[in-house]
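Peer 1: structure for this input, please:
(2 chains)
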Amino acid sequence: MLSLRAPAGEESLAIALTVNGSARSVDVPDATTLLEVLRNHLGLMGTRYGCGLEQCGACMVLVDGQPAYACTREAGTVAGRSVTTIESLGTPDKLHPLQQAFLDEQAGQCGYCLSGIIMSAKALLDRTPAPTRAEIVTALDRHLCRCGAHQRIIRAVERAGRAA
Amino acid sequence: MSAPVLPTSLVDNPRLDRWIRFQPDRTVRIATGKVEIGQGVVTALGQIAADELDVPLDKVVMLSGDSDEGPDEMYTTSSLSIQMSGGSIRLVCAEVRAKALDRAALRLNCSPNDLTVVDGEFRQNGAPTGQDYWSIAGEIDLSQEVSGTTRPKPHGQYKVVGQSIPRIDLPAKVTGQAAYVHDALPAGVLHARLLRQPNPGATLAALDEAAIRRAAKGELQIVREANFVAFVSPVESVAQAAAVAAPGHARWEGLRQLTPAHQEAAWLKGQAAEDRRIGAPPRTEPPRNPVQITVSRPYIAHASMGPSCALAELKDGHLTVWSHGQGMAPLQKNLAPVLGLPLSAISTRHLHGPGCYGHNGADDAALDAALVAMRLPGRTIRVQWRREEEFGFEPVGPAMLVTLHVDLDDKGRPADWTTEIWSATHVQRPGSGSGFLLATEALPNPPPEVKPTDPTEARGGGGTRNAVPLYDVPSHRILHHLVQRGPVRTSALRGLGALPNVYAIEMLMDVLAERAGMDPVAYRLSILSEPRARRLIEQVAEMAGWTARGPGGAGKGLGMAFARYKNTAAYCAVAASVTVDEIVTVDRVWCVADAGVVVNPDGGRNQLEGGVIQALSWTLKEQVRFDDHGIASVDWDGYPILRFSEVPEIEAELVDGAGNPSLGLGECSCGPTAAAVGNAVAHALGVRIHDMPLTRERILRALA
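Peer 2: Purely as a prediction, here's the structure:
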């Protein structure tokens, strides 16, 4: 693992936050993004870097239950808040029903977009347990998928909604 | 008896142990040179091995893309993996199974014919023998070369092939495991970012390193050699900040000059080109009943969801590179001369990456990482391209202009057909085409410009891919203007020239049907004898309710198209219904393919659907745009792709393969989808739009 401390002489920031239910603290250079904190400092690799521009949604996490782009979000702005990432849902051995629904539908090809999409779907299902297809499309429309797994992804969220 | 014709992969890698190994933990390792790029092929190859060996699927461990231990199967391209690697694995496993049974029979003092294999265990007349692959493995000489003489199982005996086995790699990907090369962050890793040479031949006249260091705000090394510059830091954001700032502090000389005209396919006409003539001899007599149609497709991007990434480490003189490229053996061979290392000093290993649709930046990122690693021995170097770098420097799919000159007979059928194609090369893969790993151009003594080539017709062609219609045409020729110097680097992108060529052929079919006063489906069937093709056209017409298709022209349209990918791979027919109201909305798509025996039907349908959606995106929205010096569409706002709200309902089916050999299907739905939409738009509007993408501006112009 990398050192959790910022290089000497740089402006640094001590941040305490809750990640997937656990209290965490990091000491990072000013303006470090939430994405880099998650991946490079906390070892949570499930949140993906896609564009760094809030245009593709690969980095979507939940901040206090609401979808948020981790790629541009300065880590300092989530101090004291609760961040939820894909790792909080389940593991291959103990899948979350939403993840199980994605496997049931084989909803993915390369899978690079899925972490972000699943987090947006989680936020949707948390507020709307059985969403309509239109609601799912609206919730996912800021996410891009290049392989063309869209239909399967929509079906997976529908399936998870039905199961809830 | 003549020797059996072996797949190229087996000719190149004849030793059995390059493919198969029985492991002490009672698994069998199957190695393939083909790699997972989002298409599910590694799962499918495992299914083939499990069936041929009669071992449970969970005892098959796949090794994919390892230059040290796996076979060299070149690149994972052209929808060939199931035919090529699958065909090889099938023969290898059949032969090893037979060898194992021979040895077991000796031990058991019986005939091999008395033995069967159940879950990897050998039974004699149905009874357990205590022998299995693993007890016999030590007595089978896997250093022998494959003979290819053992006949694999007939398809009627397949138990695992033909089943929709869930993808083995997806559980990690839906649970956010470290599934990709991007996620490998070993202790002490150094992050590197690049300042890219804007174009080959450009030279770095000045670089204000001090200003870049100030912008980086942290520990930073600058690795610089000629026009190659890398920013290296233990902190990823520091390397990133340096690279973001760098172009503003660099002065380049020898920049290419581009104009807006360069980004259009029409620019290709009149450029210096190698004129390739293929097929029937040139026609001498004047046409009696000529019809001509010209279509175009602009430059398009791979536009993968994640940027290219690679890791490299030089340790005790040995370089290991981790990459998401399409072929690890070719990468090893391509790196060696640039780095001045023998092949034996380089290991290349595949790790998964974001979706790959052809020759993207993955191999280039691998060289970037290797170059930095060579200068910082003992450290693991991780290079990740920036988003604007990915869009700006990946090789793009070439623009194409296609003109069909057809002479009709008295019944309105094509009697003579010339396909004229303008395109830059479709393959600048290092090692197999006319290109180099990108950073090679930035190093001292860059390689001399080489004459571009395109894939041969035997390999399916590049610009000429699918230019030969499958319809009954007595005389067909191709005049291929292989443009020598494109404005930007071009290379293989899913389907190569198939999309514009199928768009042209299938639009022509609708034009000819109209001239003949026939329904488009009926017209196609009237000049198509190939039964598998006819069946698909009939089937897609039925799926789409073709008989209820109205006269069109009122903003609603239904169109269809057909092609057999490369004329050698899977057959595919597509129908699309659209609503056109300034923009094209695709309402529904029906797709049916014949790919022979499909190893994993759900995986196959996933590929058909993905091909439909990607082709819709290309057809409706996509064009790489240039500014004065290079590619200017460098983010998702500048290069929009199809979104969830724009994806239609898609019905994708595979017909029963009827025991026919497996045919690659990963690219078969793209061309027919584009053409079906083009034809549906024409049906909706009453006018044809020949140039892709079918944008609002083009529709308004067509209606004006």
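Peer 1: any low-confidence regions in chain B?
Peer 2: Scanning chain B for pLDDT under 70 picks out the ranges B:1-2, B:433.
Peer 1: residue of it nearest chain A, please.
Peer 2: At 2.0 Å from chain A, B:Gly176 is the closest residue in chain B, using CB to the nearest CB. C-betas here are computed from N, CA, C, even on glycine.
Peer 1: what about that residue, how many neighbours?
Peer 2: By other CB atoms under 10 Å in any protein chain shown, the residues close to B:Gly176 number 26.
Peer 1: ok, now B:His191?
Peer 2: 21.
Peer 1: which SS class is it?
Peer 2: Following DSSP: H, G, I helix; E, B strand; the rest coil, the label given to B:His191 is strand.
Peer 1: and it, what are its bridge partners?
Peer 2: B:His191 forms beta bridges with B:Ser233, B:Arg382, as assigned by DSSP bridges.
Peer 1: pick out the residue of chain A closest to chain B.
Peer 2: Nearest to chain B, among the residues of chain A, is A:Gly46, at 2.0 Å (CB to the nearest CB).
Peer 1: that residue and A:Glu87 touch, don't they?
Peer 2: Yes - between A:Gly46 and A:Glu87 a contact is recorded at 5.0 Å, counting by CB atoms under 8 Å.
Peer 1: so which of the two has more stuff around it?
Peer 2: A count of neighbours by other CB under 10 Å puts A:Gly46 above the other of A:Gly46 and A:Glu87, at 26 against 20.
Peer 1: for B:Asn289, grab the count of nearby residues.
Peer 2: By the measure other CB under 10 Å, the count of residues near B:Asn289 is 14.
Peer 1: next, the residue of chain A closest to chain B: secondary structure please.
Peer 2: Here A:Gly46 is coil, with the state taken from three-state DSSP.
Peer 1: skipping its backbone neighbours, what lies nearest it in space?
Peer 2: Nearest non-adjacent residue to A:Gly46, counting by CB to CB, 6 or more residues apart in numbering or on different chains: B:Gly176, 2.0 Å away.
Peer 1: am I right that B:Val229 is in a strand?
Peer 2: Yes - applying three-state DSSP, one finds B:Val229 inside a strand.
Peer 1: what about the residue nearest to the spatial centre of chain A, which helix or strand?
Peer 2: With distances taken as CA atoms, centre = their mean, the residue of chain A nearest its centroid is A:Val61 (2.9 Å). A:Val61 belongs to strand A:60-63 when assigned by DSSP states H and E.
Peer 1: what mean pLDDT does that strand get?
Peer 2: Averaging pLDDT along strand A:60-63 yields 98.
Peer 1: and the contacts of that strand?
Peer 2: Contacts to strand A:60-63, defined as CB atoms under 8 Å, 6 or more residues apart in numbering or on different chains, come from residues A:34, A:38, A:47, A:67-70, A:73, A:78, A:81-86, A:115-117, A:119-120, A:122-123, A:143.
Peer 1: continuing past that strand, what's the next helix or strand?
Peer 2: Going down the chain from strand A:60-63, the next helix or strand is strand A:66-69, by DSSP H and E.
Peer 1: may I have the strands that pair with that next one, each with its orientation?
Peer 2: Here, using DSSP bridges, strand A:66-69 pairs with strand A:60-63 (antiparallel).
Peer 1: buried only: go through the contacts of strand A:60-63 for me.
Peer 2: By neighbour count, with 16 or more other CB atoms under 10 Å in any protein chain shown, those hold A:34, A:38, A:47, A:67-70, A:73, A:78, A:83-86, A:115-117, A:119-120, A:122-123, A:143 as buried.
Peer 1: among those residues, which lie within strands?
Peer 2: A:67-69, A:83-84 (DSSP state E).
Peer 1: residues in contact with B:Arg386?
Peer 2: Remark: with contacts taken as CB under 8 Å, 6+ apart, B:Arg386 is in contact with A:52, B:193, B:240, B:243-244, B:307.
Peer 1: what residues sit buried inside the longest helix belonging to chain B?
Peer 2: If you go by DSSP state H, chain B has its longest helix at helix B:87-108. Within helix B:87-108, the residues that count as buried by 16+ other CB under 10 Å are B:87-97, B:99-101, B:103-105, B:108.
Peer 1: give me the helices and strands touching that helix, please.
Peer 2: With contacts taken as 3 or more CB pairs under 8 Å, 6 or more residues apart in numbering or on different chains; DSSP states H and E, helix B:87-108 sits against helix B:8-12, strand B:20-23, strand B:27-32, helix B:41-53, strand B:115-118, strand B:121-124, strand B:127-132, helix B:133-136.
Peer 1: for B:Ile168, give me its contacts.
Peer 2: So B:Ile168 contacts B:42-43, B:46, B:62 (CB under 8 Å, 6+ apart).
Peer 1: so which of these is the closest to B:Ala684?
Peer 2: B:Thr43 (40.0 Å; CB to CB).
Peer 1: and that closest one, how many residues sit next to it?
Peer 2: Counted with other CB under 10 Å, B:Thr43 comes out at 20.
Peer 1: kindly report the same for A:Ala163.
Peer 2: Using other CB under 10 Å as the criterion, the residues surrounding A:Ala163 number 14.
Peer 1: from A:Gln100, how far off is it?
Peer 2: 8 Å (CB to CB, to the nearest Å).
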